[in-house]
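Asks: return atomic coordinates for the entry below.
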Amino acid sequence: MYHVINFNLNFKVHQNQKMYNIFLIKLTISNNDDALDKLKIHKKNTNFMVHHIFLSGSVGVGKSTILKELVSLLRNDFRIYQMKEYIDIDTNGISRLKEFQDGKLSKYSFHKYIISWYKQQAKNSEFTSAEIVLWERHPIEALEIFCSGTEGITEIEKEDLNTEIVEFCKEYAIPIAHKGCCKVKMLDTANESVNILVETIYANSIAQIRVGEYLFSCTFFLYCSDIELQYKRIIGRGRDSEISFYMNRKNLSWINRKYFDYFAEIVNQVN
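Replies: Okay, here's the model as predicted:
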C-alpha cells in the first residue's frame, strides 16, 4: 500500500491568471513481471518535444537510486539526460556543503553556487538534444525550500535568486515545477522496493508520453514515512557532512517538514 497524504483529488490553482490542475493520486501496481515490457513505447518518426520529469523530496528518500534505475530503463528507447545535483558532479561539492553547514559560506552564496551547476549542465549538447530530462529536484527548490523565511538571507538576495532561476527556466523552456505547470504525485518510499517505485513512475509518466505529440511534464514528490530508515539511507551513502548534520533528527525533521509544507501550500491554492 502506498501511504499518501490526505489531500483531495484534482485541485485547481491559479498561476499568472491561468487555471491549472494538480493531480494527486494513490497508485497501485500490477505484480506482473511483464508490466514494464507491456508499457514500452514505440517512438514516432517526428519532431520531438522535451519532457521534464522531476523527482523532488528531502534527503535520503531515494531520489538518486530511483533516477539511476530510470536512466538505465529508458536510455535505449529515448534520448535521456539526467540533470544532477551539484554534489554528484562537482569534486568540491561535499566541501562546499560542509562550509555552508559550518556557517563559513552564506546561504545566498551557497545557493548561487547550486544554481550555477544546473546552468552548466544545461549547456551540454546532450541536454539540449534530449527527449526526456530527468531531474533530481527542480532549481526553484533552492529558493522555495532552502531559502524560505528570512533567516540568513535578505529579501534582495532572495529576489536575485528568484530572477536567476526564472530566467534560466525561460531560456531552456524548463517548466516552473509544482506551480501548475506539472502534474504532482506523491510517493512514500519507506515500504516499497526500488523496482516497484520505478514501475510506478514509469506507468504514470513515461507511459503517457508520445514524443512529438504533446508536452508532458510531471513532478514526483518522494518522502519516507520512517525517519530512522531515512537516516539509515543517509549513512549508507557515506557523506560524512550529511551523516553528522542529520544525526540530529531535528535537522532531518526540519527539511522533511519544509517539503511537506511546500507541497501542501501548492495543493491548497484552491479556486
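Asks: CA atoms for contacts and neighbours, from now on please.
Replies: OK.
Asks: going along the chain, name the helices of this protein.
Replies: Listed in chain order, the helices of the chain (DSSP state H) span residues 35-39, 63-74, 93-101, 107-122, 125-128, 141-144, 155-171, 194-203, 227-237, 240-246, 249-267.
Asks: CA atoms only for the second one, dumped as CSV, please.
Replies: Included here for helix 63-74 are C-alpha records, laid out as CSV according to Å, rounded to 0.1, in the frame of the first residue of the first chain:
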residue,chain,number,x,y,z
LYS,A,63,15.8,10.2,-5.5
SER,A,64,19.3,9.2,-6.7
THR,A,65,18.7,5.5,-6.6
ILE,A,66,15.4,5.7,-8.5
LEU,A,67,16.8,8.1,-11.1
LYS,A,68,19.7,5.7,-11.7
GLU,A,69,17.2,2.9,-12.5
LEU,A,70,15.0,5.1,-14.6
VAL,A,71,18.0,6.2,-16.7
SER,A,72,19.0,2.5,-17.2
LEU,A,73,15.5,1.6,-18.2
LEU,A,74,14.9,4.4,-20.7
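Asks: list the buried residues in that helix.
Replies: 63, 64, 66, 67, 70, 71, 74 (16 or more other CA atoms under 10 Å).
Asks: possible to save those residues as JSON lines with distance to residue 163 and pLDDT?
Replies: Output for the buried residues of helix 63-74, formatted as JSON lines (distance: CA to CA, whole Å; pLDDT from 0 to 100):
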{"residue": "63", "distance to residue 163": "27", "pLDDT": "95"}
{"residue": "64", "distance to residue 163": "28", "pLDDT": "93"}
{"residue": "66", "distance to residue 163": "31", "pLDDT": "96"}
{"residue": "67", "distance to residue 163": "28", "pLDDT": "95"}
{"residue": "70", "distance to residue 163": "31", "pLDDT": "94"}
{"residue": "71", "distance to residue 163": "31", "pLDDT": "94"}
{"residue": "74", "distance to residue 163": "33", "pLDDT": "92"}
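Asks: which one of those is nearest residue 147?
Replies: residue 63 (20.8 Å; CA to CA).
Asks: quick check: the closest one touching residue 187?
Replies: No. With contact defined as CA atoms under 8 Å, residue 63 does not count as touching residue 187 (11.2 Å).
Asks: where's residue 156 relative to residue 163, distance?
Replies: 11 Å (CA to CA, to the nearest Å).
Asks: show me which of the two is the more surrounded one.
Replies: Higher neighbour count among residue 156 and residue 163: residue 163, with 12 against 9, using other CA atoms under 10 Å.
Asks: just the pLDDT for residue 40.
Replies: With respect to pLDDT, residue 40 has a value of 40.
Asks: same deal with residue 268?
Replies: 60.
Asks: now swap in residue 26 and tell me
Replies: 32.
Asks: one more: residue 213?
Replies: We have a pLDDT of 47 for residue 213.
Asks: what of residue 237?
Replies: pLDDT, residue 237: 88.
Asks: ok so, going back, any idea which of the helices of the chain gets closest to residue 84?
Replies: Nearest to residue 84, of those and by CA to CA, is helix 107-122 at 7.7 Å.
Asks: buried residues in that closest one, which are they?
Replies: 107, 108, 110, 111, 112, 114, 115, 116, 117, 118, 121, 122.
Asks: stretch 255-267 now?
Replies: Buried residues in stretch 255-267 (16+ other CA under 10 Å): 255, 256, 258, 259, 260, 262, 263, 266, 267.
Asks: which one of these sits closest to residue 147?
Replies: The closest of the buried residues of stretch 255-267, once distances to residue 147 are taken by CA to CA, is residue 258, at 10.4 Å.
Asks: in the sheet, who's paired with residue 221?
Replies: residue 56, residue 186 (DSSP bridges).
Asks: how close does it sit to residue 118?
Replies: For residue 221 relative to residue 118 (CA to CA), the value is 20 Å.
Asks: thanks a lot, catch you later.
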